[in-house]
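# show me the folded form of this:
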Amino acid sequence: MNTSFALRTLPSALLSLGLCACASGGTIEPVAGTVSIGAVRETIAVKTHDDAADDPAIWRNAADPSSSLIVATDKKAGLYVYGLDGQVRDFAPSSRLNNVDLRGDVKIAGVETVLVAASDRADEAHSRLALYALSPQTAKLTELANLPAGNGEAYGLCLYRRANDRALFAFVVEKSGRIIQLQVDVSAAQPAASVVRELQLASQSEGCVVDDRTGMLYVGEEDVGIWRFDASPTGATRGELFAKVDKRMLVDDVEGLALAPVGERGGYLVASSQGDSSYAVYALEDGAPVGRFRITDNGKGVDGTSETDGIELALGDFGPDFPQGLFIAQDGDNAPEAQNFKLLSWVDVVQGLRLEMEPAR
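The predicted model follows:
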């Protein structure tokens with residue numbers, strides 16, 4: 001395995017889970033165990049009952065990590081902004097925003113801000129891209145634009161910031177499996193977006209994430225697996241199957257995807273294995289399975305998760321409760337309240353799965 005980061009503990013971690021250290025497509029033995037990790041905190045429930053909460057995004061305040069913010073969708077009501085305490089800081093109403101992503105180093109008309117993007121499926125025949133500015137000082141959302149993105153129902157959404165020139169792109173994943181790549185222009189006060197490429201998967205797809213370091217796009221085809229594409233607008237349109245649904249490591253539906261980057265190219269991809277309410281972790285460079293975990297009751301009044309849709313992960317210091325990173329997962333059953341989002345300390349996952357987070361020297 002040619003990696004740029006150390007995996008000294010990987011073999012023992014795999015053995016404890018009954019997995020083989022093989023790339024995606026090889027034989028994966030039945031999972032012997034899945035690590036249980038308690039949630040640290042939870043957000044206030046969304047306003048809408050039934051299936052409403054969907055996808056989170058994280059903005060890390062480097063100057064004051066405890067003041068970091070979470071943006072999350074109620075796909076029947078709008079966008080929430082939460083503090084790390086789980087309390088609501090703002091709410092922007094919108095009828096059918098599904099997935100959300102953000103970038104914190106964007107200049108809109110020359111003014112640095114946090115750009116929030118969401119997939120808008122209000123018109124199921126015409127997907128749209130909703131753009132907002134998030135104020136780090138007030139935690140308030142300001143709507144910037146709602147732009148056409150394609151001819152289909154918008155489901156998934158992820159942003160890509162190209163490393164060499166900082167160009168900004170959005171991927172809108174339509175329910176049909178079509179993926180629309182747009183180049184987003186925020187140089188003026190009124191943002192614009194233009195379609196630069198289309199990709200296609202064979203069946204219903206949603207979750208996506210881009211590794212800005214390597215320029216690789218990962219997309220979940222719900223009943224098939226996770227695909228990897230070149231994120232460049234001039235790249236190949238054919239993807240490779242990074243990890244397949246095998247009903248052991250990864251159980252359909254494949255939902256949210258998140259990244260834990262390590263070094264220049266290494267790290268991990270985390271996927272919501274919705275069918276068994278768990279999370280599968282893979283080595284980024286070759287798709288080797290690393291381990292699985294579930295989020296469980298912490299014994300202090302915060303329950304676990306089930307049937308998770310969206311997930312998000314951001315590394316770094318988020319204060320004493322999240323010293324090495326913050327992992328967030330939608331909870332599909334938060335009864336008797338409406339759905340919400342659970343907050344997990346990434347260091348608990350690292351320790352539970354014995355992941356190697358230090359780049360090789």
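
# any idea how far stretch 36-46 is from the chain center?
Computed by C-alpha atoms, centre = their mean, to the nearest Å, the chain-centroid distance of stretch 36-46 equals 17 Å.

# quick one: average pLDDT of that stretch?
Taken as a whole, stretch 36-46 has a mean pLDDT of 97.

# list of residues touching it?
Residues outside stretch 36-46 that contact it (C-beta atoms under 8 Å, 6 or more residues apart in numbering) are 52-53, 70, 72, 74, 77, 80, 82, 84-88, 293-299, 302-305, 321-322, 331, 334, 337-345, 348-349, 352. Where C-beta positions appear, they are placed from N, C-alpha and C, glycine not excepted.

# buried ones in that stretch?
37, 38, 39, 40, 41, 42, 43, 45, 46 (16 or more other C-beta atoms under 10 Å).

# and the residues you listed, which is closest to residue 259?
When the buried residues of stretch 36-46 are compared for distance to residue 259 (C-beta to C-beta), residue 37 wins out at 18.3 Å.

# with only the CA atoms kept, save the one helix or strand the closest one maps to in PDB.
Assigned by DSSP states H and E, residue 37 belongs to strand 35-38. What follows is strand 35-38, C-alpha atoms only, in PDB (Å, rounded to 0.1, in the frame of the first residue of the first chain):
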ATOM      1  CA  VAL A  35     -17.100   0.200  17.800                       C
ATOM      2  CA  SER A  36     -19.700   2.200  19.800                       C
ATOM      3  CA  ILE A  37     -18.900   5.800  20.500                       C
ATOM      4  CA  GLY A  38     -21.100   8.100  22.700                       C
END
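
# give the next helix or strand downstream of the longest strand seen in the chain.
Across the chain, the longest stretch assigned as strand under DSSP state E is strand 97-108. The element immediately downstream of strand 97-108 (helix or strand, assigned by DSSP H and E) is strand 111-120.

# give me the angle between the following helix or strand past that following strand and strand 111-120.
Sequence-wise, the next helix or strand downstream of strand 111-120 (DSSP H and E) is strand 127-134. Computed by axes from the mean of the first three to the mean of the last three C-alpha atoms, to 10 degrees, the angle separating strand 127-134 from strand 111-120 equals 150 degrees.

# packing partners for strand 127-134?
strand 97-108, strand 111-120, strand 141-150, strand 154-161, strand 168-174, strand 178-185 (3 or more C-beta pairs under 8 Å, 6 or more residues apart in numbering; DSSP states H and E).

# out of those strands, the one nearest residue 57 is which?
Of all the helices and strands packed on strand 127-134, it is strand 97-108 that lies closest to residue 57, at 4.6 Å by C-beta to C-beta.

# tell me the buried residues in that closest one?
97, 98, 99, 100, 101, 102, 103, 104, 106, 108.

# that older thread, so what strands line up beside the strand holding residue 37?
Looking at strand 35-38 with DSSP bridges, its partner strands are strand 289-296 (parallel).

# what about the partner strand, distance to the chain center?
Offset of strand 289-296 from its chain centre (C-alpha atoms, centre = their mean): 16 Å.

# average pLDDT for that strand?
Across strand 289-296, the average pLDDT comes to 97.

# alpha carbons only: can I get it in CSV?
Output in CSV follows, covering the C-alpha atoms of strand 289-296 (Å, rounded to 0.1, in the frame of the first residue of the first chain):
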residue,chain,number,x,y,z
PRO,A,289,-11.5,-0.5,4.8
VAL,A,290,-10.3,0.7,8.2
GLY,A,291,-13.2,0.3,10.6
ARG,A,292,-16.8,1.0,11.5
PHE,A,293,-18.5,2.8,14.4
ARG,A,294,-21.9,3.6,15.7
ILE,A,295,-23.0,6.7,17.7
THR,A,296,-24.6,5.6,21.0
